[in-house]
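>>> Structure for the following, please:
(one chain, ligands or ions: 1)
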Amino acid sequence: MDATFTTGKELQKMDPVFGQLSFDDHEQVVFCNDKDTGLKAIIGIHNSVMGPALGGTRMFNYATEWDALNDVLRLSRGMTYKAAITGLDIGGGKAVILGDAKTQKTPELMRKFGEFVHSLSGRYITAEDVGMETSDMDTVRDVTPYVTGISESRGGSGNPSPVTAFGVYMGMKAAAKQQFGSDVLAGKKVLVQGIGHVGENLVDYLTKEGAVVTIADINQEKLYEVSSKYNAKIFTGADLYTADVDIYAPCAMGATINDDTVYKINAKVIAGAANNQLANENVHGAILQERGILYAPDFLINAGGIINVYAEIAHYDKAEIMRRTENIYNTTLEIFDYAIKNGMTTYKAALTIAQNRINQRKIENSKK
Ligand code: NAD
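Numbers count the residues shown, from 1 in each chain. Okay, the predicted model is just below:
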């Protein structure tokens with residue numbers, strides 16, 4: 001359970017598959033290759049004890065295939081714990097497509113990817129992640145029913161990102177209550193790194209409450225657009241990790257809390273949407289704790305999206321989706337409490353509770 005993750009480069013030096021740490025008991029890893037469409041994809045099914053593996057597909061221009069493999073393994077493992085901590089009857093899985101989503105994504109490629117998903121007969125159900133749009137999931141739906149996050153006009157729940165942002169907002173408020181004694185974010189200085197689908201919606205919630213929001217992104221056009229729409233400041237300093245803020249919200253890519261950044265962070269709370277924010281969950285989680293920085297576990301507070309797409313399988317309505325997502329506030333406080341009582345990091349606390357639930361379900365399943 002306590003996997004110490006490697007980078008793709010480090011991974012290369014180790015035993016090719018089962019021997020490397022990100023593998024962490026994955027049940028199945030599927031490599032998908034199609035010359036005609038140029039599809040190269042990897043589907044990771046980490047654990048199906050709680051149900052079929054549900055998790056999004058990311059399309060990204062990875063530096064190496066090892067980086068893609070490392071990413072899918074880390075992401076699918078995270079999905080297992082995300083579903084378990086949130087109380088959803090699904091397992092953990094994820095897929096990555098290697099390539100540039102802007103230039104290499106075609107309907108043919110997405111259809112072929114859907115055929116690979118279909119070949120797993122429902123053991124893996126996909127959805128959108130970075131580089132994917134609802135329309136891509138609609139294309140996948142043309143060839144397989146094992147897809148969620150399809151458009152509302154086709155009976156789906158649409159883009160999950162606004163719900164994810166609401167959950168992150170709830171988790172952030174819980175963290176503020178724990179760290180500052182009040183969950184009121186008005187007047188709090190918040191840095192949102194990454195103002196894409198989730199980040200922008202988070203900025204909306206924060207500015208409506210009166211938080212003082214600073215934004216950072218590599219997309220300059222988007223920065224100006226979001227800045228003027230929500231009256232948010234654009235970060236202009238040399239190093240955003242040293243920013244003088246109360247709360248740091250990582251909403252771009254993972255592993256931003258790493259050896260280079262962990263000692264620089266000035267924020268007293270970290271609460272954001274990005275998956276796998278801690279480059280090494282044991283080492284960097286412990287350093288944050290020593291430095292008195294409260295970390296709201298990513299896989300817990302960014303679960304709104306999975307709650308939303310899961311509803312397409314479980315058939316509950318928008319009000320129930322929002323109620324469950326709002327409950328991230330209570331679960332986050334429970335995790336903080338468990339961490340203090342058991343003398344562990346908040347990340348470890350969330351992981352432990354999730355793993356206990358999976359173990360319990362395994363026993364129940366074996367009795368059936
Ligand atoms: P997105 O692709 O819409 O947005 C990501 C944004 O981050 C983009 O604007 C991009 O320009 C920016 N970015 C990329 N690299 C950056 C960098 N180095 N510095 C600053 N900005 C950078 O993605 P999203 O759907 O908003 O998801 C954001 C994160 O949240 C991802 O890590 C994703 O896995 C995670 N997440 C998303 C959902 C969801 O419902 N969309 C659910 C759970 C977790």
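>>> measure stretch 116-124 end to end?
End-to-end distance of stretch 116-124 (C-alpha to C-alpha, to the nearest Å): 10 Å.
>>> Give me the distance between that stretch and the centre of its chain.
Mean C-alpha position of stretch 116-124 versus that of the full chain (C-alpha atoms, centre = their mean, to the nearest Å) differs by 22 Å.
>>> cool, stretch 105-119 as well?
23 Å.
>>> list the buried ones in it?
Within stretch 105-119, the residues scored as buried using 16 or more other C-beta atoms under 10 Å are 105, 109-114, 116-118. C-beta: built from backbone N, CA, C; applies to glycine.
>>> now, among these, which is nearest to residue 343?
Taking C-beta to C-beta as the measure, residue 343 lies nearest residue 117 of those, at 42.3 Å.
>>> hang on, isn't that closest one packed against residue 126?
Yes - assessed by C-beta atoms under 8 Å, residue 117 is found in contact with residue 126 at 5.3 Å.
>>> which residues are common contacts for the two?
Here residue 117 and residue 126 have 95, 140, 146-147 as joint contacts, going by C-beta atoms under 8 Å, 6 or more residues apart in numbering.
>>> Of these, which belong to helices?
The members of these that map onto helices under DSSP state H are residue 140.
>>> want to throw the shared contacts of residue 117 and residue 126 into a markdown table with pLDDT?
Below are the shared contacts of residue 117 and residue 126 laid out as a markdown table (pLDDT from 0 to 100):
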| residue | pLDDT |
| --- | --- |
| 95 | 98 |
| 140 | 98 |
| 146 | 97 |
| 147 | 96 |
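>>> now, which of the shared contacts of residue 117 and residue 126 sits nearest residue 335?
residue 95 (27.9 Å).
>>> The closest one: neighbouring residues, count only.
A count of nearby residues for residue 95, using other C-beta atoms under 10 Å, gives 28.
>>> now the one 5 residues further on
Other residues near residue 100 number 11, with proximity taken as other C-beta under 10 Å.
>>> list the contacts for residue 41?
31-32, 57, 95-98, 113, 116.
>>> could you redo the last one with a cut-off of 6 Å?
32, 95, 97, 113 (C-beta atoms under 6 Å, 6 or more residues apart in numbering).
>>> Could you do residue 186 as well?
209-210.
>>> how near is it to the ligand?
Between residue 186 and the ligand the computed distance is 24 Å (C-beta to the nearest ligand atom, to the nearest Å).
>>> is it true that that residue lies in a helix?
No - using DSSP: H, G, I helix; E, B strand; the rest coil, the assignment for residue 186 is coil, not a helix.
>>> Local confidence estimate at it?
pLDDT, residue 186: 98.
>>> that older thread, which one of the contacts of residue 41 is nearest residue 247?
Using C-beta to C-beta, the contacts of residue 41 come closest to residue 247 at residue 95, 31.5 Å.
>>> separation between the closest one and the ligand?
12 Å.
>>> likewise residue 330?
Distance of residue 330 to the ligand, given as C-beta to the nearest ligand atom: 19 Å.
>>> Which neighbouring elements make contact with the strand or helix carrying that residue?
Using DSSP states H and E, residue 330 maps to helix 328-342. On a contact count with 3 or more C-beta pairs under 6 Å, 6 or more residues apart in numbering; DSSP states H and E, helix 328-342 meets helix 161-180, helix 346-367.
>>> Off-centre distance for it?
That offset, for helix 328-342, works out to 19 Å (C-alpha atoms, centre = their mean).
>>> Mind listing what's buried along that helix?
Across helix 328-342, burial judged by 16+ other C-beta under 10 Å covers 328-329, 331-336, 338-339.
>>> Stretch 207-214 too?
Neighbour counts using 16+ other C-beta under 10 Å place 207, 209, 211-214 of stretch 207-214 among the buried residues.
>>> Restricted to helices, list the residues you listed.
Among the buried residues of stretch 207-214, the members falling in helices (DSSP H) are 207, 209.
>>> what's the burial count for the residue in the chain that the ligand sits nearest to?
Using C-beta to the nearest ligand atom, the single residue of the chain nearest to the ligand is residue 196, 1.7 Å away. Residues within reach of residue 196, counting by other C-beta under 10 Å, total 16.
>>> ok, now residue 349?
Every residue meeting other C-beta under 10 Å relative to residue 349 is counted, giving 24.
>>> one step back: hmm, which two among the buried residues of stretch 207-214 are most spread apart?
It's 209 and 214 that sit farthest apart of the buried residues of stretch 207-214, by C-beta to C-beta, at 15.2 Å.
>>> one step back: tell me the most buried of the helices and strands packed on helix 328-342?
helix 161-180 (a mean of 24; mean count of other C-beta atoms under 10 Å).
>>> which residues of this protein fall in helices?
Going by DSSP H, the chain shows helices at 8-12, 65-86, 107-119, 134-141, 161-180, 197-209, 220-230, 281-290, 298-301, 304-314, 318-326, 328-342, 346-367.
>>> quick one: the fifth one near the ligand?
Read that as helix 161-180. Yes - judged by C-beta under 6 Å from any ligand atom, helix 161-180 and the ligand are in contact via 161, 164.
>>> hmm, who's touching that helix?
Helix 161-180 has contacts (C-beta under 6 Å, 6+ apart) with 183, 197-198, 201-202, 205, 268-269, 271, 273, 294, 296, 301-305, 308, 325-326, 328-329, 332-333, 336.
>>> Just the buried residues of these.
183, 197-198, 201-202, 205, 268-269, 271, 273, 294, 296, 301-305, 308, 325, 328-329, 332-333, 336.
>>> what does the stretch 101-250 of the chain put close to the ligand?
Counting by C-beta under 6 Å from any ligand atom, the residues of the stretch 101-250 of the chain that sit close to the ligand are 129-130, 160-161, 164, 193-199, 216-219, 222.
>>> Tell me the buried residues within those.
By 16+ other C-beta under 10 Å, those give 129-130, 160-161, 164, 193-199, 216-217, 222 as buried.
>>> With that, I have no additional questions.
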